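**Student:** next input, structure requested:
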Amino acid sequence: MSEKYIHIYNNLINYTRNKDLYRNLNRDDNFSDRLTLFLLHFSFFLKNFKKEENKNILQEIYDFNFRQLELSIREIGYGDQSINKKMKDYINLFHSMVSEIHFWDNLTKSEKLKKISIFLSDFNNKDDLLDYFEDFNLNLSKKTLNSYLKSVSNA
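**Tutor:** Model prediction:
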C-alpha cells in the first residue's frame, strides 16, 4: 500500500496524543479512548474536505487510515478473527461519527455537546472537548486538502 498519505495519518495521531484531551478522564486512557479520539478527528477531517473533486483522494486516505489501524491492532496481538470483528466495530463507530457530525456547523452548542457525549461518555467536562473540536474544525476549514497532503506535520 502506498505511503503517500502517511503524513495525514501521523498528523491525526499527533492530534490524538494531545494530553489535554485526556485530562478530564477519570481513569488512565486506553487504546479504545485514543482510537475514539482518532476517529473523531478523522471524521472532522473528512467532513471538511468532502467535495466531489476530492472523492477519490479521500477514499484512498480512508483506506490507508483503516489499514494503518488494522496494523496497529495486529501489533497489539489480536488474532485474525478478533481483528475482523474489531475492525467492523471501529468502522461502524466511525460511520456513526461521520453521520452525527455531518451538519456540525448548523448545530447549536447544546446539540454539539450531545453529539460529543455520544462518543466520549467517559470524559468529564465535555465543554472543554467541545471547544477543542470547534477549534479543530475551524482550523481544518481554513486549509485546503492539498495543504494536508503536502505537509509533514500540522499538529
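
**Student:** Provide the secondary structure category for Ser121.
**Tutor:** Recorded secondary structure, Ser121: coil (DSSP: H, G, I helix; E, B strand; the rest coil).

**Student:** what is the neighbour count of it?
**Tutor:** 9 (other C-beta atoms under 10 Å). All C-beta spots, glycine's among them, are computed from the backbone N, C-alpha and C.

**Student:** how near is it to Asn24?
**Tutor:** Distance of Ser121 to Asn24, given as C-beta to C-beta, to the nearest Å: 12 Å.

**Student:** now swap in Thr144 and tell me
**Tutor:** Noted for Thr144: a distance of 32 Å to Asn24, by C-beta to C-beta.

**Student:** buried stuff in stretch 25-39?
**Tutor:** Going by neighbour count (16 or more other C-beta atoms under 10 Å), the buried part of stretch 25-39 is 33-39.

**Student:** do stretch 12-21 as well
**Tutor:** So for stretch 12-21, counting by 16+ other C-beta under 10 Å, buried means 12-13, 15-16, 21.

**Student:** quick one: mean pLDDT for that stretch?
**Tutor:** Mean per-residue pLDDT for stretch 12-21: 93.

**Student:** got a list of contacts for it?
**Tutor:** 34, 37-38, 41-42, 45, 65, 128-129, 132, 136, 153, 155 (C-beta atoms under 8 Å, 6 or more residues apart in numbering).

**Student:** can you give me the offset of that stretch from its chain's centre?
**Tutor:** Mean-position distance between stretch 12-21 and its chain equals 10 Å (C-alpha atoms, centre = their mean, to the nearest Å).

**Student:** that one: end-to-end distance?
**Tutor:** 13 Å (C-alpha to C-alpha, to the nearest Å).
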